[in-house]
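K.L.:
kindly generate the corresponding structure for this input.
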Amino acid sequence: LVRQYLPKGVDLSIYSRSDLEKIAQSLNTRPRACLGFKTPEEVFCIQSGRLPKMERELIVERIRTGLDDARQLGCKGGRKPKMTESKIEAAKKLLASGVPAKDVSRNLGVCIPTFYRWVPVSAQA
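P.N.:
From the prediction side, this is the model:
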């Protein structure tokens, strides 16, 4: 295709950069039958727009495979619970002795919502 603009064997150094850029621009904006009568520029934009989606799908697939492998080995994902059974029992005893829930949660090192999630109001009575 370049030969339509420059004869074979021509030294490109005799052409200015702007001349070569004009030739490249005209080649990249010409529709091609092999590309479904789209320009190379359009095909490039379409393909590069699909790359992030394909990359994301690969990442998700790898993560799921890794998690499945870990589960088969007996590993469990997620955070370790802040409240253990011993902390829950201690909290219930402190509440039964009359210590306010705010003080109990502070002593256990958890926030009030976490405390109430593990020791519901109905269990305090």
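K.L.:
and the gap between residue 106 and residue 11?
P.N.:
According to Cβ to Cβ, to the nearest Å, residue 106 stands 82 Å off from residue 11. Yep, even glycine has a C-beta here, placed from its N, CA and C like the rest.
K.L.:
need the residue closest to the centroid of the protein.
P.N.:
Nearest residue to the geometric centre of the chain (Cα atoms, centre = their mean): residue 56, 6.7 Å.
K.L.:
helices or strands up against the helix or strand that it is a member of?
P.N.:
Per DSSP states H and E, residue 56 falls inside helix 40-72. Here helix 40-72 touches helix 17-28, going by 3 or more Cβ pairs under 8 Å, 6 or more residues apart in numbering; DSSP states H and E.
K.L.:
now tell me what touches the helix it packs on from outside.
P.N.:
Outside of helix 17-28, the residues within contact range by Cβ atoms under 8 Å, 6 or more residues apart in numbering are 1, 2, 5, 6, 12, 39, 40, 41.
K.L.:
let me have those in CSV, adding pLDDT, neighbour count and distance to residue 85 as columns.
P.N.:
What follows is the contacts of helix 17-28, written out as CSV (pLDDT from 0 to 100; neighbours: other Cβ atoms under 10 Å; distance: Cβ to Cβ, whole Å):
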residue, pLDDT, neighbour count, distance to residue 85
1, 76, 9, 75
2, 79, 13, 77
5, 86, 15, 80
6, 87, 15, 81
12, 86, 9, 78
39, 88, 15, 67
40, 87, 15, 66
41, 83, 13, 65
